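Participant: task: produce atomic coordinates for the following.
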Amino acid sequence: MTDEKTISRQPEVDLEDMVASSDTGARKPLGAPGKLLVGVAAAWSLFQLWIASPLPYIFRFGVFNATEARSIHLAFAMFLAFMAYPALKRSPRDRIPIQDWILALVGAFCAAYLFLFYAELSDRPGSPLLQDVIIGIVGILVLLEATRRALGPPLMIVATVFLLYSLFGPYMPGILAHRGVSFYGLINHQWLTAQGVFGIALGVSTSFVFLFVLFGALLDKAGAGNYFIKVAFSLLGHYKGGPAKAAVVASGMTGLISGSSIANTVTTGTFTIPMMKRVGYPAEKAGAVEVAASVNGQIMPPVMGAAAFLMVEYVGIPYVEVIRHAFLPAMISYIALLYIVHLEALKADMKGLPSSNPARPFLNKVLGFLTGLILLMALSFAVYYGLGWLKPLLGNATPWVIGGGLTVVYVGLLKLGSYYPELELDDPNSKVLKLPRTKPTLMVGLHYILPVIVLVWCLMVERLSPGLSAFWATVLMIFIMITQRPITAFFRGRSSLIADIKEGFLDLWEGLVAGARNMIGIGIATATAGIVVGAVSQTGVGLVLADVVEILSMGNLMLVLLLTALLSLILGMGLPTTANYIVVSALMAPVVVLLGQQSGLIVPLIAVHLFVFYFGIMADVTPPVGLASFAAAAVSGGDPLRTGFQAFYYSLRTAALPFLFIFNTDLLLIDVGWLQGIVVFIVATIAMLIFAAGTQGYLLVRSRWYESLLLLLVAFTLFRPGFWMDRIHDPYESVPPSEFAQALSEVDDGSQLRVRIAGEDAFGDSMTTYLLVPVPRGDTAEERMERLGMELWVDGDQTLVDFVEFGSLAADLGFDFDQEIIEVLAPVDRWAREWMWIPGFLVFGLVVLLQRRRRHQPSVAGAT
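Facilitator: I've put the predicted structure just below:
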């Protein structure tokens with residue numbers, strides 16, 4: 001036992017160093033420099049809380065515009081990057097060399113330059129002085145070095161390549177050549193405007209991401225991470241392979257408070273991986289389950305990874321819409337992972353851990369769950385409609401009344417929790433005879449859910465901005481951190497008020513520091529990725545890339561998607577998810593949309609961005625560089641590469657989903673009603689479970705190869721019933737272009753025509769593409785054409801666009817003067833595509849029957 005503990009403790013130092021070097025910085029200086037480091041980190045957190053709050057506008061002090069706030073934000077990140085991240089592996093960890101002090105101060109000054117000289121710079125837009133250019137050059141060089149330290153060489157190299165491409169465009173070969181950018185023009189664009197380093201990505205980091213990361217750090221410091229793990233184990237630990245199921249749920253809940261795959265893996269994995277090994281999971285599979293669950297934490301609404309906030313700006317939709325579109329894929333992905341670990345437990349005939357819960361009949365459990373669910377729904381409706389009635393009545397006093405009500409609920413939950421034993425941090429390597437009981441474990445930490453409820457309420461109901469929503473949730477979290485100990489101690493009959501309050505403020509301080517240190521890498525990544533975005537906008541390389549990709553893919557959309565996924569995985573080997581998303585979405589998202597249109601598939605922009613986001617996350621899993629896999633292997637003692645390959649195998653469901661929702665946007669709940677959404681959720685969940693069974697080779701017993709193929713075919717049919725229905729009956733009929741107006745009058749209001757046009761793009765090159773034309777209201781063809789804002793001219797066999805009204809629907813869709821309409825496709829009446837679910841379920845029933853027959857024949861059941 002002693003040897004086992006020694007082995008299990010061996011990787012702890014390496015593990016901490018791995019997490020620190022990737023998330024918070026490995027340097028921990030002693031003495032005054034150490035105090036300065038944590039002091040500046042805490043100051044950064046307080047600054048971000050200040051600019052997010054209404055206080056600057058109330059006191060009319062400390063109001064910063066977007067550019068000034070981004071400048072100060074990057075100054076903090078640059079200073080802390082050189083303070084917290086050593087230059088080399090052999091560099092000292094306990095002190096800060098003089099050259100790092102110089103780089104920290106120079107980097108902070110160059111970043112703050114836009115704030116310090118904002119008025120002077122605004123007087124000379126586009127005409128930088130020599131001083132401005134020198135500051136820009138030094139700033140970019142120091143930023144690239146900060147990137148190398150905090151994130152490794154890959155992002156630095158990518159940014160450098162784009163800078164060189166901007167300067168040496170005329171010397172590039174063939175299709176890659178462009179007219180080039182002057183040195184002054186490059187520095188002005190990249191450092192002195194909001195187009196490059198200080199662009200949208202850094203703006204999102206300043207406005208949204210920091211507050212969510214800080215909220216997560218405070219929630220974790222308050223004890224919510226331990227609470228989520230304990231609740232998951234008390235609920236699921238006694239089932240077959242229970243620790244693995246608990247790991248999935250715990251990692252999903254921890255994903256609420258951690259935007260880092262590696263931190264999530266280590267936080268929950270330190271406890272869950274040894275437990276999984278105890279019930280029979282091999283080291284590699286135990287680590288792989290934790291990695292697959294932790295990585296998916298970034299796609300789990302309502303608090304998704306930093307890249308999700310960038311979608312708000314890049315796609316131009318509210319964060320609530322991002323959550324709505326991302327919800328269904330994230331949920332079915334997690335449900336499928338639970339099913340995968342269940343199948344693994346069945347294959348190995350694993351047992352669960354001994355339960356501490358009193359035995360209850362299954363019916364009682366179901367009734368208890370339904371009762372709790374109904375009470376929760378009733379309470380939600382009461383609060384929603386109650387506030388809807390109270391707000392007009394209370395007027396300006398509404399926030400104070402709501403705050404008072406929240407305080408009463410919070411104190412009541414602490415009183416309820418005081419009747420049960422406090423949660424303790426367990427040693428995962430000690431012998432655990434029984435799991436914690438569910439009810440006491442659940443009750444003692446219910447108050448941790450309140451800030452999450454406030455966050456979701458502000459986002460989904462009040463429709464506040466993500467930044468303001470995170471601010472109010474963080475304010476409540478700060479109040480909880482300071483008061484939870486003294487109030488709980490009072491209810492438990494203890495008298496240590498001063499000590500408890502002091503400990504609460506200490507937790508708050510540590511949370512402020514941890515939140516800022518977690519943000520260093522993200523702040524640097526978004527600034528450096530801005531160089532790539534700036535180069536794309538300045539050189540037009542996006543259009544060049546579209547031509548290159550079109551040549552490579554031969555215009556095939558599936559090949560374009562495969563190339564995009566491959567690019568995300570390759571870049572993700574060295575780039576963090578946020579930077580990976582920025583780079584790939586800037587380069588590839590417009591290409592996918594454009595080539596989709598040209599091949600007749602109208603791909604919504606949010607679907608493409610989620611596609612890139614998913615594969616950026618997958619890079620944390622994929623060998624040979626998947627850092628989350630290395631972190632899990634350090635805990636499990638398994639082989640990192642085998643852990644990575646196993647985690648990728650478990651994550652096939654996450655890799656398949658983006659391809660599916662590109663071709664079936666119902667999975668993203670785009671233009672889907674509530675009732676249809678529920679049906680889509682149920683069928684998609686069943687399809688994903690069948691997909692998991694097909695890839696794992698096990699349903700009721702081990703599957704034969706043809707059964708696995710049939711299961712995959714069924715899953716595809718349930719996910720994309722339209723694929724087969726289109727083969728049986730074409731959804732559109734071709735109409736002569738000259739009869740465009742007549743076709744517009746014959747189809748129903750709200751339906752859409754698919755129109756193929758030929759013309760010239762913005763650069764005068766010929767192009768053909770498809771446009772999806774919504775049919776406007778109107779009684780006649782003339783009336784509908786007028787509402788569309790377009791006139792046609794028929795010249796023999798040609799139908800040309802003769803006039804497009806400025807600002808009309810036709811202009812917004814992309815119609816322009818002198819374009820030729822080549823083809824008009826009008827929708828036809830046919831069977832609903834959902835009818836294809838019936839043969840899919842029949843084939844699934846056949847596989848179930850085949851496996852049930854073998855279930856009671858042990859000699860045959862082992863065949864594969």
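Participant: switch to C-alpha atoms for all contacts and neighbour counts from now on
Facilitator: OK.
Participant: what's the first helix or strand after the helix ranked longest in the chain?
Facilitator: Assignment by DSSP state H gives helix 497-539 as the longest helix of the chain. Counting by DSSP states H and E, the next helix or strand C-terminal to helix 497-539 is helix 541-553.
Participant: same question for that following helix, mean pLDDT?
Facilitator: For helix 541-553, mean pLDDT is 73.
Participant: between the longest helix of the chain and helix 541-553, how many degrees?
Facilitator: 80 degrees (axes from the mean of the first three to the mean of the last three Cα atoms, to 10 degrees).
Participant: now helix 497-539: how far from the chain's centre is it?
Facilitator: With Cα atoms, centre = their mean, to the nearest Å as the basis, helix 497-539 stands 17 Å off its chain's centre.
Participant: what of stretch 697-704?
Facilitator: 33 Å.
Participant: measure that stretch end to end?
Facilitator: Stretch 697-704 has an end-to-end distance of 7 Å (Cα to Cα, to the nearest Å).
Participant: now it: buried residues?
Facilitator: For stretch 697-704, the neighbour count (16 or more other Cα atoms under 10 Å) marks 697-704 as buried.
Participant: what average pLDDT does the strand or helix carrying residue 286 get?
Facilitator: According to DSSP H and E, residue 286 maps onto helix 283-295. In this model, helix 283-295 has a mean pLDDT of 86.
Participant: helices and strands around it, which ones?
Facilitator: helix 242-254, helix 261-278, helix 319-348, helix 627-636, helix 640-650 (3 or more Cα pairs under 8 Å, 6 or more residues apart in numbering; DSSP states H and E).
Participant: got the CA positions of that helix in CSV?
Facilitator: Taking C-alpha atoms only, helix 283-295 is exported to CSV below (Å, rounded to 0.1, in the frame of the first residue of the first chain):
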residue,chain,number,x,y,z
ALA,A,283,-5.3,3.2,-16.5
GLU,A,284,-5.6,4.4,-20.1
LYS,A,285,-9.4,4.0,-20.2
ALA,A,286,-9.9,5.7,-16.8
GLY,A,287,-7.8,8.7,-18.1
ALA,A,288,-9.6,8.7,-21.4
VAL,A,289,-13.0,8.9,-19.8
GLU,A,290,-11.9,11.9,-17.8
VAL,A,291,-10.4,13.6,-20.8
ALA,A,292,-13.5,13.0,-23.0
ALA,A,293,-15.8,14.4,-20.2
SER,A,294,-13.5,17.3,-19.3
VAL,A,295,-13.0,18.5,-22.9
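Participant: do a quick rundown of the strands in the chain.
Facilitator: 732-735, 752-760, 766-774, 790-795, 798-804, 820-827 (DSSP state E).
Participant: switch those strands over to TSV; also include distance to residue 338 and mean pLDDT.
Facilitator: Listed next are the strands of the chain as TSV, based on distance: least, Cα to Cα, whole Å; pLDDT from 0 to 100:
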stretch	distance to residue 338	mean pLDDT
strand 732-735	40	84
strand 752-760	40	84
strand 766-774	39	81
strand 790-795	53	86
strand 798-804	54	87
strand 820-827	41	86
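Participant: so which of the ones you listed comes closest to residue 615?
Facilitator: strand 766-774 (27.2 Å; Cα to Cα).
Participant: next one: that closest one to chain centre, how far?
Facilitator: 31 Å.
Participant: surely residue 299 and residue 330 touch.
Facilitator: Yes - between residue 299 and residue 330 there is a contact at 5.9 Å, judged by Cα atoms under 8 Å.
Participant: now stretch 173-193: mean pLDDT?
Facilitator: Here the average pLDDT along stretch 173-193 is 86.
Participant: and stretch 227-246, by the same measure?
Facilitator: 81.
Participant: what's the first-to-last distance across that stretch?
Facilitator: Stretch 227-246 has an end-to-end distance of 12 Å (Cα to Cα).
Participant: residues contacting it, please?
Facilitator: With Cα atoms under 8 Å, 6 or more residues apart in numbering as the test, stretch 227-246 has contacts from 247, 249-251, 253-254, 268, 272-273, 275-276, 279-280, 286, 289-290, 338, 341-342, 344-346, 349-355, 423, 435-438, 441-442, 445.
Participant: which of these are buried?
Facilitator: Buried among those by 16+ other Cα under 10 Å: 247, 249-251, 253-254, 268, 272-273, 275-276, 279-280, 286, 289-290, 338, 341-342, 344-346, 350-353, 355, 435-438, 441-442, 445.
Participant: now, the most widely separated pair of the buried residues of stretch 697-704?
Facilitator: In terms of Cα to Cα, these reach their longest pairwise distance at 700 and 704, which sit 11.5 Å apart.
Participant: quick revisit: what's the closest of the helices and strands packed on helix 283-295 to residue 838?
Facilitator: That would be helix 319-348 among the helices and strands packed on helix 283-295, by Cα to Cα, at 21.0 Å.
Participant: and that closest one, what's buried?
Facilitator: Buried residues in helix 319-348 (16+ other Cα under 10 Å): 319-320, 322-323, 325-347.
Participant: try stretch 406-426
Facilitator: 406, 410-411, 413-418.
Participant: try stretch 667-683
Facilitator: Within stretch 667-683, the residues scored as buried using 16+ other Cα under 10 Å are 667-670, 677, 680-681, 683.
Participant: check the residues you listed and tell me the two furthest apart.
Facilitator: Longest span within the buried residues of stretch 667-683, Cα to Cα: 670 and 683, 16.2 Å.
Participant: circling back to that earlier point, quick check, nearest of the buried residues of stretch 697-704 to residue 181?
Facilitator: Distance to residue 181 across the buried residues of stretch 697-704 (Cα to Cα) is lowest for residue 697, with 55.9 Å.
Participant: on that earlier part again, TSV for the buried residues of stretch 667-683, including distance to residue 313?
Facilitator: Listed next are those as TSV, based on distance: Cα to Cα, whole Å:
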residue	distance to residue 313
667	22
668	19
669	20
670	19
677	26
680	28
681	28
683	32
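Participant: mind picking out the helix or strand in the chain with the poorest mean pLDDT?
Facilitator: helix 2-9 (a mean of 37; mean pLDDT, DSSP states H and E).
Participant: the closest residue to residue 436 other than its chain neighbours - how many residues pack around it?
Facilitator: The shortest distance from residue 436 to any non-neighbouring residue, by Cα to Cα, 6 or more residues apart in numbering, is to residue 234 (5.2 Å). Neighbourhood size, residue 234 [other Cα atoms under 10 Å]: 26.
Participant: next: residue 640.
Facilitator: Residue 640: 25 neighbours (other Cα under 10 Å).
Participant: what sits against it?
Facilitator: 284, 629-630, 632-634.
Participant: quick check: of those residues, which has the highest neighbour count?
Facilitator: Busiest of the contacts of residue 640 [other Cα under 10 Å] is residue 629, holding 36 neighbours.
Participant: shaky segments in the stretch 351-500 of the chain?
Facilitator: 356-370, 372-373, 376-377, 379-388, 425-434 (pLDDT under 70).
Participant: now the helices for it?
Facilitator: Remark: helices assigned in the stretch 351-500 of the chain by DSSP state H, counting those that start in this stretch are 362-394, 398-417, 438-443, 449-460, 466-491, 497-539.
Participant: run the angle between the last one and helix 466-491 for me.
Facilitator: Relative orientation of helix 497-539 versus helix 466-491 (the same axes, to 10 degrees): 170 degrees.
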